[in-house]
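Student: no sequence on hand, only this structure:
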């Protein structure tokens, strides 16, 4: 349970780093809306990629229909780009494993810690760079 709490802390740290970076350019209201949207999309990013992923690398045109197959490749590409840019907050969600009574491996916690550290560092660096160019009245 301590490791699950630590992973929740890492998730909050990643979202907080994004909020700080965004707040260097936007006022409170838009920052709040954007952070909530990023939180939801960060949890859905992997599912969006899986939703639009072609089966076996090729789309089944006969089953999906031509129009469905035609838009699926661009949608898959957009979903992959979004998944790369958004924080993958599902890395910190271990509730499924805890519900089944499985232990959280220390290697998983170490990998999630490294991901959170890199993501927070990148977000705060972008925020600091955005703050340097800002002129105050």
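Tutor: Happy to help now that I have it. Fair warning: this is a prediction, and the values are worked out from it, not measured in the lab.

Student: need the next SSE after the least confident helix or strand in the chain by mean pLDDT, C-terminal direction.
Tutor: When the helices and strands of the chain are scored by mean pLDDT, DSSP states H and E, helix 61-64 comes last with a mean of 50. Going down the chain from helix 61-64, the next helix or strand is helix 66-85, by DSSP states H and E.

Student: just name whatever secondary elements that following helix is in contact with.
Tutor: Contact partners of helix 66-85 among helices and strands, from 3 or more Cβ pairs under 8 Å, 6 or more residues apart in numbering; DSSP states H and E: helix 28-52. The way it works is simple: take the backbone N, C-alpha and C, and place the C-beta from them, glycine included.

Student: tell me the confidence at the nearest residue to residue 34 once chain neighbours are set aside?
Tutor: Of all residues not flanking residue 34 in the chain, residue 22 sits nearest, at 5.6 Å (Cβ to Cβ, 6 or more residues apart in numbering). The confidence metric pLDDT takes the value 95 at residue 22.
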